[in-house]
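[1] here is my input; please provide its structure:
(one chain, ligands or ions: 1)
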Amino acid sequence: MHIHIREALDFDREAVLSVEQLAFERDDEAELVQELLDDPSARPLVSLLAMVDDRAVGHILFTRAYLTHAENAVAVVILAPLAVVPDAQKQGVGGKLVERGLQLLAEAGVDLIFVLGHPAYYPRYGFTPAISLGLEPPYPLPDAHVDAWMVRALRPGVIGIVSGKVRCADALNRPEYWRE
Ligand SMILES: CC(C)(COP(=O)(O)OP(=O)(O)OC[C@H]1O[C@@H](n2cnc3c(N)ncnc32)[C@H](O)[C@@H]1OP(=O)(O)O)[C@@H](O)C(=O)NCCC(=O)NCCS
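    This is a model prediction of the structure:
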């Protein structure tokens, strides 16, 4: 299976939403992505599609965030959501989307990427639990899920010299998205 990762453009909107819907088997994430793509506070954003032949099988979205109370200026983004359609899962599509996203964001000068996700999945891409590093999510998480809030540094040395609470784009800024 040849997987090609490319930027999702305006005319890909339907394909993007369809991938989200199929991957999560409900409409919530597609609706969130729709709102984020139209949200000026989410920009600049990185939206990538994974293509197999001419079919969209995966999508990843990174949106603008801020670290509040940080003493040093840092460029921060949130990864949400990541979606791979069921029949293309476990074939490396998710991994390729994450890796390409990290590469593009590093080139763009982003310092930190945050994700609220499966603690067993993201560490393979260098993500590590963030709260114990002094990097708080937009809303407090239940104790059982604190490890789901993870960070990946793209600039060596940045972790440890910054701390604070992450403020996300308006469309993501609802308590129900932060329960994991
Ligand atoms: C999670 C998801 C994005 C992974 O995409 P993928 O293309 O299947 O992932 P890859 O092929 O790159 O990697 C597969 C590996 O991830 C693991 N994995 C998949 N989902 C996982 C999960 N929820 N928790 C832990 N590990 C998971 C697989 O077991 C596999 O492990 P292995 O390499 O040791 O065999 C995809 O399964 C998906 O879209 N799921 C439904 C939507 C979802 O839950 N998205 C949220 C992600 S936080």
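[2] tell me how far the residue nearest to residue 146 when sequence neighbours are not counted lies from the ligand.
    Once flanking residues are discounted, residue 146 sits nearest to residue 131: 5.2 Å by Cβ to Cβ, 6 or more residues apart in numbering. For glycine as for every other residue, the C-beta is placed from the backbone atoms N, C-alpha and C. According to Cβ to the nearest ligand atom, to the nearest Å, residue 131 and the ligand sit 17 Å apart.
[3] residue contacts, residue 131?
    Contacts for residue 131 (Cβ atoms under 8 Å, 6 or more residues apart in numbering) come out as 137, 141, 146, 149.
[4] below-threshold pLDDT in the protein: ranges please.
    70-72, 180 (pLDDT under 70).
[5] get me the contact residues on it for the ligand.
    Neighbours of the ligand within the chain, by Cβ under 6 Å from any ligand atom: 23-24, 81-84, 89-95, 117-118, 120-121.
[6] what about those residues, which are in helices?
    23-24, 93-95 (DSSP state H).
[7] adding distance to residue 10, write the residues you listed out as a markdown table.
    Converted to a markdown table, those look like this (distance: Cβ to Cβ, whole Å):
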| residue | distance to residue 10 |
| --- | --- |
| 23 | 21 |
| 24 | 23 |
| 93 | 23 |
| 94 | 24 |
| 95 | 26 |
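[8] most surrounded residue in those?
    When neighbours are counted by other Cβ atoms under 10 Å, residue 93 leads these with 24 neighbours.
[9] between which two of the contacts of residue 131 is the distance greatest?
    137 and 146 (8.9 Å; Cβ to Cβ).
[10] neighbour count winner among the two?
    residue 137 (21 against 16).
[11] burial count for the nearest residue to the more buried one once chain neighbours are set aside?
    Once flanking residues are discounted, residue 137 sits nearest to residue 149: 4.6 Å by Cβ to Cβ, 6+ apart. Each residue near residue 149 was counted by other Cβ under 10 Å, and the total is 26.
[12] my read: residue 149 touches residue 130, true?
    Yes - look at residue 149 against residue 130 with Cβ atoms under 8 Å: they come within range, at 5.1 Å.
[13] wait, residue 79 sits on residue 102?
    No - counting by Cβ under 8 Å, residue 79 does not reach residue 102; the two are 9.1 Å apart.
[14] who touches both of these two?
    With Cβ under 8 Å, 6+ apart, residue 79 and residue 102 have common neighbours residue 113.
[15] who's more crowded, the two?
    Neighbours per residue (other Cβ under 10 Å) separate residue 79 from residue 102, with residue 79 holding more: 25 against 20.
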